[in-house]
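**Q** no FASTA, just this:
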Ligand code: NAD
Ligand code: UDP
């Protein structure tokens, strides 16, 4: 059934939702999903690491609006809101370290501004936190009760400590009864629309394999990560936003399958016909050695678990990058 443009009164299923960071990799998939579900979406993004291409198919959608704004200087939003998702923050280490002070401010001032907006509009709030709050974990797998092992002065701290402070803001606003805030601790996520120059492991390996460049492995490659397909993650984020009884603490969202970086590189080499070799490079400072989510809470509270196996999701992501790189290579006619 077609929805009327004027039917967004907060009483029906069509909600008014603000997505900060909605032009990014995860945020643009979230905007897609929310629009498909009949909601009205305001996307706020300064396009620091996001891309207008990600939201180009949405700009003519009658229920989509894009505001190019930095969340650190968030302007007034002149319509009612039912929900606010905060995904605004560069997520790739090379990107968030490029301007570390801005990254920290995005996490603190940006989150504070968005929480104030949610309070003002009486909107529910979901914060995109991260497994980086666990730092280089000494407990494995990581449960939400683990307090983490973060170096607060290292090059990753602007992000890790910024995200920890953002969680503090969320839980304080909630304890004060001012915002219905919920926090997702997101583990490494991959899929279509990662930026080819993003610097993250999945995008780097796939682009390198497709272009015949050496696959860069930092350190021994025996460090591990757990990779969740973006479609699975989006289901988790919306489940967290919509669950009636808000979880009392943060909730891990990730795929418990754990792989070494060497294993991931081999999987990519099996999926792409390429002459690429492996090139070892120095391990970045404070690079976590192991990472795997315990998702018992998400299973119990949200009835959520990832469905897409890594091999299948990687194959789909390889296909997307192949098409993307081909399009970028194709000269455009005038
Ligand atoms: P991304 O870099 O693709 O998206 C982030 C978006 O936020 C971009 O569109 C960027 O332009 C925007 N942004 C950054 N700073 C901003 C600011 N000050 N004001 C307005 N917009 C701003 O990253 P992503 O992978 O889509 O990550 C989205 C969120 O999920 C981030 O908050 C990230 O910390 C979190 N997260 C992601 C992962 C992952 O593996 N991708 C893992 C854990 C947490
Ligand atoms: N990594 C790598 N080669 C690359 C990019 C990353 O070996 O070209 C390693 C990186 O050192 C880390 C892991 O892959 O151990 C995941 O890196 P990513 O930047 O994707 O995410 P994060 O470190 O934030 O989990």
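**A** Cool, got the structure. As the structure is a computational prediction, the values presented were derived from the model and not from experiment. Ligands and ions are numbered 1, 2, ... in the order given.

**Q** residues of stretch 56-67 that come out buried?
**A** Under the neighbour-count criterion of 16 or more other CB atoms under 10 Å, stretch 56-67 has 58, 63, 64, 65, 66 buried. Yep, even glycine has a C-beta here, placed from its N, CA and C like the rest.

**Q** wait, stretch 150-165
**A** Across stretch 150-165, burial judged by 16+ other CB under 10 Å covers 150, 156, 157, 158, 159, 160, 161, 162, 163, 164.

**Q** so how far is that stretch from its chain's centroid?
**A** Taking CA atoms, centre = their mean, to the nearest Å, one finds stretch 150-165 lying 17 Å from the centre of the chain it belongs to.

**Q** repeat that for stretch 320-328.
**A** From the chain centre to the centre of stretch 320-328 is a distance of 22 Å (CA atoms, centre = their mean).

**Q** of the buried residues of stretch 150-165, which is the nearest to residue 15?
**A** Nearest to residue 15 among those, counting by CB to CB, is residue 163 at 26.0 Å.

**Q** how near is the closest one to ligand 2?
**A** According to CB to the nearest ligand atom, to the nearest Å, residue 163 stands 11 Å off from ligand 2.

**Q** any idea which helix or strand carries residue 126?
**A** Take DSSP states H and E as the rule and residue 126 turns out to sit in strand 124-130.

**Q** for that strand, packing partners?
**A** strand 83-86, helix 111-121, helix 157-175, strand 181-186, helix 230-242 (3 or more CB pairs under 8 Å, 6 or more residues apart in numbering; DSSP states H and E).

**Q** in space, what's closest to residue 204 - neighbours in sequence excluded?
**A** Leaving aside its sequence neighbours, residue 204 sits nearest to residue 216 (CB to CB, 6 or more residues apart in numbering; 6.1 Å).

**Q** let me see the ranges of the strands in this structure.
**A** Applying DSSP state E to the chain gives strands spanning 16-20, 40-45, 64-68, 83-86, 124-130, 181-186, 189-190, 215-218, 224-225, 228-229, 251-253, 259-260, 278-281.

**Q** Serialize those strands to a markdown table and add fields for distance to ligand 2.
**A** Output for those, formatted as a markdown table (distance: least, CB to the nearest ligand atom, whole Å):
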| stretch | distance to ligand 2 |
| --- | --- |
| strand 16-20 | 20 |
| strand 40-45 | 21 |
| strand 64-68 | 27 |
| strand 83-86 | 19 |
| strand 124-130 | 8 |
| strand 181-186 | 11 |
| strand 189-190 | 8 |
| strand 215-218 | 4 |
| strand 224-225 | 5 |
| strand 228-229 | 12 |
| strand 251-253 | 14 |
| strand 259-260 | 9 |
| strand 278-281 | 7 |
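
**Q** before we move on, back to that, farthest pair in the buried residues of stretch 56-67?
**A** 63 and 66 (12.1 Å).

**Q** return the most buried member of the helices and strands packed on strand 124-130.
**A** Highest mean neighbour count among the helices and strands packed on strand 124-130 (mean count of other CB atoms under 10 Å): strand 83-86, with a mean of 27.

**Q** what pairs with that strand, and is each one parallel or antiparallel?
**A** Paired neighbours of strand 83-86 in the sheet (DSSP bridges): strand 16-20 (parallel), strand 124-130 (parallel).

**Q** mean pLDDT and distance to residue 194 for the ones you listed - can I get that in CSV?
**A** CSV is the format used below for the strands paired with strand 83-86 (pLDDT from 0 to 100; distance: least, CB to CB, whole Å):
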stretch, mean pLDDT, distance to residue 194
strand 16-20, 98, 18
strand 124-130, 98, 16
